[in-house]
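>>> Sequence first, then the predicted structure, then my questions.
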Amino acid sequence: MVKLKTPQELENLRASLQKQLKYSAKTISICYGSSCKASGAEEVITAIKNELEKNNLETNLERIIKETGCHGFCEQGPLVLIKPQNIFYCRVKPEDASRIVKKSIIKNEIIADLLFQDPQNENIFTTEEEIPFYKKQTRLLMQHNSDIDPRRLEDYLAQGGYSALNKVLTQNTPEEILEKVKSSGLRGRGGAGFPTGQKWESCRQAESEIKYLICNADEGDPGCFQDASLVEGNPHQVLEGMILGAYAVGITTGYIYIRYEYPVAVRNFREAIEQARDYGLLGENILDSGFSFDVQVKRGGGAFVCGESSALIASLEGRPGEPRDKYVRNTKKGLWGKPTLLNNVKTLASVPLIVEKGSDWFRQFGTSSSPGTMIFSLTGKIKHTGLVEIPMGISMHSLIWDIGGGIRNDKPLKAVQTGGPSGGCIPAANIDLPLDYEHLSNAGSMLGSGGMIVMDENTCMVDVARYFLSFTQQESCGKCVPCREGGKHLLHTLNKITRGEGQITDLTLIREISEAMQKGALCNLGRQAPNPVLTTLHYFENEYHRHIMDQKCPAGVCRHLISFYISTEDCTGCGKCMDVCPEEAIRGEKREPHHILQGECNRCGICQEVCPENAISKG
Amino acid sequence: MSQHTINSKEQIEQITLKIITSYRHLSEEEMDWIALLQDIQDQFRYLPPDGLKLCARELNVPLSQLYSIATFYTCFSLAPRGKTEIQVCMGTACHIRGAEPILDKILQQLALNPGETSPDLEYSLETVNCVGACARGPLVIINSNYYGNLTMGQVENLLSKTRDINGEGKNG
């Protein structure tokens, strides 16, 4: 690797890489995101590598196979794309490797049974672009995830990477970049939605010789993995955004704080930093511009509260991640008491695009108050679980049905939870709500970092509230009383209700504690922890009443409030339920209808799962 | 990550000292205590008290300060971890799809609570908040292998398979 000394050398290298790409044969792009990994992507990769070797294609191995970051359509994983045509193979198994290499690589054939078939209308799609899940998205940040081997800087260069940095260093002053980001209207994608340009300007104006830049990749919301997909899948785009931010604000030292649970992200970003240094894109005197900036990776310690800016800074300073009250903004006094610019992964990843293509280009996506795109983790009871990038302002309905394919098993939608543990539940009646900062927060929820959990009639809203509370209570750092004690009592009260021991006065108590937490907690973890409870109580009060007054859980989730029954008409007496029951609570003669001893039953539901006749119901 | 062995005090101190050496040159501001402890944890899969004490002595920092970090962050364990690490994902998507009954079943089968290690150091059980594999929930990770779309019925098989691999070969 040769250190690039001038902007021209970078462009020359890019031109030769692009030429190589143009003339190279096919490549196999295999998704190595966490969902595909969980579905067996690793075995598929090994099998394909072996197959390439068997067919004497191993000399080209580097070029033919690409282990990439998340492609987004997690539901259908492991995903394999044949490029350049973008032939989309899904649910690939190791035994398919031989066919893929022999038919799709050596010959030009398409393997019909590996293509995606829409379960709704049985349509079969050949390429990625044709599939409704992808077709209806606007992928700006995730655009190149399947083209880039995240461990090769050259791949990013070939896709146009670092050209924004290159132009800036030769043609623009830091003020011009700042102005561009300001006029783009980009807002913080970590959830708060603070105007990015304004934050940058405030940090730029702060008087200090030393300033720091921090990229917040401590993505802790359960059910969210979009930041991971960028840091793992396209680390150089995030890094380029950091360098541009540092140039605009006048910063020489940067950190990226990556969640402990993302080892692949840590590895890929560390490698990205080293490669960028080797190429001269990071470090002293970048591309002979006189501008110097370097970045270090810091691993988080597995504490959700460290996603909060002041807690993250405390953690970076090597202390327990306890937040402080923010009388003074981080942009004035942050890490080690110096002005600090802290941005989310998606915010920084948007910057190279804005700088390269201009703020007007960016503003054509999204709404006037929330320009650009947002990546959502679409999960829960949805047909197409995955990462979805859409322009801000699209309706929730469109996201769930047009892209997400609708609700699993075609059940009715009950609610959508957005914003993670700090967000709220929005009922099915409000499904036409546009997805942007203002509309979600007016509905009592928030955009947050882009979690979107879809719930059907089998989801109990009281249980959901209890789940989030138990999460935030566990993750409370314990520094301030409203969060530490309030959370505990809120959870205790919800536990009581889900056990059927609640009283109607508990609902007043819940509202009172929530108000105290909202007003009195030190940081947003405590202030927003009551949101899931308050929104479910607001939109689904009747469900709380059923738990309290009738000791019933209408969704059939709260274990203390349900019973399992065997239908004497449908039971064939096969005995399967009896075999699996851990409490030996099922009685009955062979080939005679069985019954459950309610006193012995621990309501685990395993009998219902194994019954071949669907003869077991709960209520 | 090191093999599963119980190290003697001398071994622990020797390995820890090596790690400490790579941090000695850092200034007070540059010093990253969390990274230091993570490096030690990576070696032993827990933070041995002898290692922590040595850090405090060698780097001239109160032991209580290291202890406050070690107990605040969930990535650290002050007790040795089991040979087989079982992580149950309790992320929202997994929760909605029934992670709780799965966890209950595992608790019952292993007779362990989350965060505990079996006395014979065979198993450690913990819950994690989302590993980003939401399409496969409910999900359990056993020694970095993912087992997704789990049903209650599969849990027993999975655990007995794990036991067999561990050479115990007994059920229940």
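In hand now; what should we look at? What you see is a predicted model; the values in this text were computed from it and never measured. Numbers count the residues shown, from 1 in each chain, chains lettered A, B, ... in the order given.
>>> how much space between the residue positioned nearest the centre of chain B and B:Tyr123?
Of all residues in chain B, the one closest to the mean position by C-alpha atoms, centre = their mean is B:Arg81, 5.9 Å from it. Separation of B:Arg81 from B:Tyr123 (C-beta to C-beta, to the nearest Å) stands at 9 Å. (Glycine included, C-beta is placed from N, CA and C.)
>>> between the two, what contacts are shared?
Between them, B:Arg81 and B:Tyr123 share these contacting residues under C-beta atoms under 8 Å, 6 or more residues apart in numbering or on different chains: B:Thr117.
>>> picking that back up, tell me who's in contact with the residue nearest to the centre of chain B.
Residues near B:Arg81 by C-beta under 8 Å, 6+ apart: B:Arg45, B:Tyr46, B:Thr117, B:Leu121, B:Ser124.
>>> at 6 Å instead, please
Contacts here follow C-beta atoms under 6 Å, 6 or more residues apart in numbering or on different chains; on that basis B:Arg81 touches B:Arg45, B:Tyr46, B:Thr117, B:Ser124.
>>> Is the second one in contact with B:Pro80, as I believe?
Just to be clear, that refers to B:Tyr46. Yes - contact criterion C-beta atoms under 6 Å: B:Tyr46 and B:Pro80 qualify, at 5.1 Å.
>>> Measure how buried A:Arg546 is and give me the count.
A:Arg546 is surrounded by 18 other residues when neighbours are defined as other C-beta atoms under 10 Å in any protein chain shown.
>>> wait, isn't it in contact with A:Gly556?
No - with contact defined as C-beta under 6 Å, A:Arg546 does not reach A:Gly556; the gap is 11.6 Å.
>>> if we can go back for a sec, may I have the secondary structure class of the residue nearest to the centre of chain B?
Recorded secondary structure, B:Arg81: coil (DSSP: H, G, I helix; E, B strand; the rest coil).
>>> Also A:Leu4?
coil.
>>> Around chain B, pick out the residues from chain A.
Within chain A, the positions near chain B by C-beta under 6 Å from any C-beta of the partner chain are A:34-35, A:38, A:74-75, A:222-223, A:225, A:228, A:260, A:299, A:301-303, A:318, A:320, A:336, A:379-380, A:385, A:453, A:459, A:467, A:604-606, A:609-610.
>>> Just the ones of the residues you listed in strands?
Here DSSP state E is the test, and those give A:Arg299, A:Thr379, A:Gly380, A:Ile453 as lying in strands.
>>> Can you give me the neighbour number for the last one?
A:Ile453: 30 surrounding residues under other C-beta under 10 Å.
>>> ditto for the third one
Neighbouring residues of A:Gly380 were enumerated by other C-beta under 10 Å; the total is 28.
>>> And the pLDDT at it?
In the prediction, the pLDDT value recorded for A:Gly380 is 91.
>>> Could you find the closest non-adjacent residue to whichever residue of the stretch 151-300 of chain A sits closest to chain B?
The stretch 151-300 of chain A approaches chain B most closely through A:Phe225 (3.1 Å), counting by C-beta to the nearest C-beta. Among residues not flanking A:Phe225 along the chain, B:Gly132 sits closest, at 3.1 Å (C-beta to C-beta, 6 or more residues apart in numbering or on different chains).
>>> From B:Gly148, how far out is the one you found?
B:Gly132 is 12 Å from B:Gly148, by C-beta to C-beta.
>>> ok, B:Cys75 to A:Cys306 distance?
Taken as C-beta to C-beta, the spacing of B:Cys75 relative to A:Cys306 amounts to 11 Å.
>>> More neighbours: which of those two?
Comparing B:Cys75 with A:Cys306 by other C-beta under 10 Å, the one with more neighbours is A:Cys306, at 30 against 16.
>>> Tell me if that one really is in a helix.
Yes - counting by three-state DSSP, A:Cys306 is found in a helix.
>>> Quick check, it in contact with A:Asn216.
No - applying C-beta under 6 Å as the test, A:Cys306 and A:Asn216 come out as separate, 9.0 Å apart.
>>> Would you mind naming the helix or strand containing the most far-flung residue of chain B relative to its centre?
Using C-alpha atoms, centre = their mean, the residue of chain B lying farthest from its centre is B:Ser27. It sits 30.2 Å away. Using DSSP states H and E, B:Ser27 sits in no helix or strand.
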